[in-house]
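> Take this sequence and fold it.
(chains A and B)
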Amino acid sequence: MSAPASNGLLQVRDLTVAFGRHAPVVRGLDLDVAPGQRLGIIGESGSGKTVTALAIMGLLPDNARVTGSIRLDGQELVGLSDRQLSRVRGDTMSMIFQEPMTALDPTMTAGRQVAEAFRLHRDRDAGRARSAVLEMLGAVGFDDPARIADSYPHQLSGGQRQRVVTAMALVNRPELVICDEPTTALDVTVQATVLRVLDEVLDAVGAGCLFISHDLAVVSQLCSDVVVMLDGEAVERGTADRVFNEPQHPYAAGLVATARLDLLEPGTRLPTVADHVRGAR
Amino acid sequence: MFRQLLGRLGIFLLSLVAASFAIFVITQALPGDVAAVILGHGATPEQLAAKRAELGTDRPFLVQYLEWVTAMLGGDFGRSWFSHLPVTTLMAPRLGVTGSLVSGGLLLAVLIALPLGAVAALRRRQWPGLLTSATAQVGMAIPAFWAGIILVFVFGVLLRWLPPNGYVPLGRDPGRWASHLVLPVVTLGVIQAAVLVRYVRSAFLEVLAEDYYRTARSIGWTKWRALSRHGIRNASLSLVTVLGLQLASVIVGAIVIERVFVLPGLGSLLLDAVATNDLVVVRGITMVLVFAVLLINAAVDISYVLIDPRLRAREAS
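Modelled structure (predicted):
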């Protein structure tokens, strides 16, 4: 359970997050992502996955208290002002959110929103931004980037919007992309497309990735390594193969069991995570 | 799009008819016989009857109403019962005064309320936000005429920076025109801004909770710039509605403020006409003001389509 060696892209040490006077929702978390590495964070709702992601991005609400250390490329992010963090956000690190239906500004075309990210960090010139946007929209699998760029969000489907959000996050070729359940809100058939696109563009850009999900199957498709979170703490970590085949912690074993329904004898009761965790917590 | 525009025009015309009828009923029901006021206490019943016939107040109600409306459609608002001048002649030079006062006041209110509303929303848990909200509450409680008197006293009398009252037409001297309008516009604008800040704050608070605001921050906008970039347009959907509704209270405020600053606007003309029971003038001015309010509110409804692309799409289908 010791944290892997540092000198990576992202290095989180002893991260603790609490809101107001409540008990911390993330406790003493360590994470490491090497350049180009993809780390999955698995856990149920309320286990602190999203709060961890938002803490790294510096997007937590004002009443959040963050302690510990978050280093990106060696730069300490904890304690930076909103202005200082805004130079990093969208440039070296970016984020893809869970809800594609509401993640885009309804009054602005998709292309302008992707262009904003580019113009903020790369090149203010509108023409060059436009060509970068069209190229990126092509990279996330649109055959007609110009039409998508000129569409308003309400004219696009959920899967299309999530690919636009992906384009926004990747247009500046960040080193770290944080994905917070990017496919959870999508139809199963669309999920596969979005995941494949994500896989391809992460490879193309060479970005490291922190992939948050409650879905072990999705994580094992995309990530080489996995951290299992329970109640704000990391309870297990290792390669995706190892955690998937030989889970050590009862909770991780429970997650695996519920994900591997193909191994069940027909007629037996479906397993739940609680079966495995009972008595272990 | 075209059909909705027609529908909105229909609502506008119907409201105009309803308003004109209400105005006529109310002014007609006002106590006091105009003939008696004009002729004084010594008038004989015969003289009173003759005067009523001259003014037309002895004819049936509906006949009077329809005559009034048809004349107005032809641009004839009647003649004052006292000065015998056409109402349009009385109103014409005053329209500009009230117009600049109302539009200047609204503009100033928006310019003050947008940044303060942003502070109140983004710093709502720190003292700048709390102070802004509290100041807005106090501002709302201040009557416009009192604020006007205080401003006149400080800037017009004590410091002598600005003329305390009076008016110079724009055509005669633009500089002095502006200097005479500063205090009235500030009075009107600040008081209206106090009301507006609360709406701006709650509209911005909604934006802050939106996912697209978080997305905007995730690509590198600071809190403030994400709000100005993505918040104002989204918030303006509810804010233009509030502004349209506020226009009526701005006009009422302007009437009071014209009195305080001795401005020769529609408001002072209206108050004078009310004082002398000059119903023709009262009706004419009220109609013009109602027309302006209804027109702006129709424009507000149409502006939704310009602000929100989703409404455009719904109309195309």
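
> And residue B:161, how far from residue B:141?
27 Å (CB to CB, to the nearest Å). To be clear about C-beta, it is placed using only N, CA and C from the backbone, and glycine gets the same treatment.

> who's more crowded, the two?
Set residue B:161 next to residue B:141 and count neighbours by other CB atoms under 10 Å in any protein chain shown: residue B:161 wins out with 11 against 8.

> Is that one in a helix, a strand, or coil?
coil (DSSP: H, G, I helix; E, B strand; the rest coil).

> Check whether it really touches residue B:152, as I assumed.
No - under the criterion of CB atoms under 8 Å, residue B:161 makes no contact with residue B:152, lying 11.3 Å away.

> ok, and the closest non-adjacent residue to the closest residue to chain A within the stretch 1-150 of chain B?
Proximity to chain A, evaluated over the stretch 1-150 of chain B using CB to the nearest CB, is greatest for residue B:125 at 6.1 Å. Closest residue to residue B:125 apart from its sequence neighbours, by CB to CB, 6 or more residues apart in numbering or on different chains: residue A:62 at 6.1 Å.

> which element is that neighbour on?
Take DSSP states H and E as the rule and residue A:62 turns out to sit in neither a helix nor a strand.

> Would you check how far apart the closest residue to chain B within the stretch 151-281 of chain A and residue A:106 are?
Among the residues of the stretch 151-281 of chain A, residue A:152 lies closest to chain B, at 4.4 Å counting by CB to the nearest CB. Between residue A:152 and residue A:106 the computed distance is 7 Å (CB to CB).

> what number of residues lie near residue A:183?
By the other CB under 10 Å criterion, the neighbourhood of residue A:183 contains 25 residues.

> OK, contacts around it?
With contacts defined as CB atoms under 8 Å, 6 or more residues apart in numbering or on different chains, the neighbours of residue A:183 are A:162, A:190, A:191, A:194, A:195, A:218.

> what about it, which SS state?
Here residue A:183 is recorded as coil under three-state DSSP.

> What backbone torsions are found at it?
Backbone geometry at residue A:183, expressed as degrees, to the nearest 10, gives phi -110, psi 0.

> do the one 5 residues further on as well
Here the main-chain torsion angles of residue A:188 (degrees, to the nearest 10) amount to phi -60, psi -40.

> coming back round to it: in TSV, list the contacts of residue A:183 along with distance to residue B:202, pLDDT and secondary structure.
Rendered in TSV, the data for those read as follows (distance: CB to CB, whole Å; pLDDT from 0 to 100; DSSP: H, G, I helix; E, B strand; the rest coil):
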residue	distance to residue B:202	pLDDT	secondary structure
A:162	30	92	helix
A:190	36	85	helix
A:191	37	86	helix
A:194	35	87	helix
A:195	39	90	helix
A:218	39	86	helix
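
> Most neighbours of all the residues you listed, which one?
For these, the largest neighbour count, defined by other CB under 10 Å, is 30 neighbours, found at residue A:162.

> got a list of what the nearest residue to the residue of the stretch 151-281 of chain A closest to chain B once chain neighbours are set aside touches?
Nearest residue to residue A:152 in three dimensions, chain neighbours excluded: residue B:309, at 4.4 Å (CB to CB, 6+ apart). Contacts of residue B:309 were listed using CB under 8 Å, 6+ apart, and they are A:106, A:107, A:152, A:154.

> can you confirm the first one is in a strand?
Think residue A:106. No - assessed by three-state DSSP, residue A:106 does not belong to a strand; its assignment is coil.

> For it, grab phi and psi.
Comment: the main-chain dihedrals of residue A:106 come out as phi -70, psi -20, following degrees, to the nearest 10.

> next one: residue A:79
With angles defined as degrees, to the nearest 10, residue A:79 shows backbone torsions of phi 100, psi -10.

> before we move on, what about residue A:239?
Per degrees, to the nearest 10, the residue geometry at residue A:239, taken as phi and psi, is phi -70, psi 150.

> element containing residue B:277?
When elements are defined using DSSP H and E, residue B:277 is found to belong to no helix and no strand.

> That one contacts residue B:35, doesn't it?
No - in this structure residue B:277 lies outside contact range of residue B:35 using CB under 8 Å: 10.2 Å.

> Tell me who's in contact with the residue of the stretch 151-281 of chain A closest to chain B.
With contacts defined as CB under 8 Å, 6+ apart, the neighbours of residue A:152 are A:106, A:107, A:108, A:109, A:110, B:309, B:310, B:313.

> Go through these and give me the one with the most neighbours.
The most crowded member of these, judged by other CB under 10 Å, is residue A:110 (29 neighbours).

> my read: that residue touches residue A:151, true?
Yes - with contact taken as CB under 8 Å, residue A:110 and residue A:151 are classed as touching, separated by 5.5 Å.

> Can you give me the neighbour number for residue 182?
By default, I'm working from chain A. Look at residue A:182: counted by other CB under 10 Å, it has 29 neighbours.

> that answer is for a different chain, and I need it for chain B
Neighbouring residues of residue B:182 were enumerated by other CB under 10 Å; the total is 15.

> Surely it touches residue B:162?
Yes - in this structure residue B:182 lies within contact range of residue B:162 using CB under 8 Å: 5.4 Å.

> quick one: the strands in the stretch 101-250 of chain A?
Counting by DSSP state E, counting those that start in this stretch, the segments of the stretch 101-250 of chain A that form strands are A:176-180, A:208-213, A:225-230, A:233-239.

> May I see these organised as CSV, with mean neighbour count, distance to chain B and mean pLDDT added?
Conversion of those to CSV gives the following (neighbours: other CB atoms under 10 Å in any protein chain shown; distance: least, CB to the nearest CB, whole Å; pLDDT from 0 to 100):
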stretch, mean neighbour count, distance to chain B, mean pLDDT
strand A:176-180, 24, 9, 95
strand A:208-213, 25, 13, 94
strand A:225-230, 24, 21, 93
strand A:233-239, 19, 24, 91
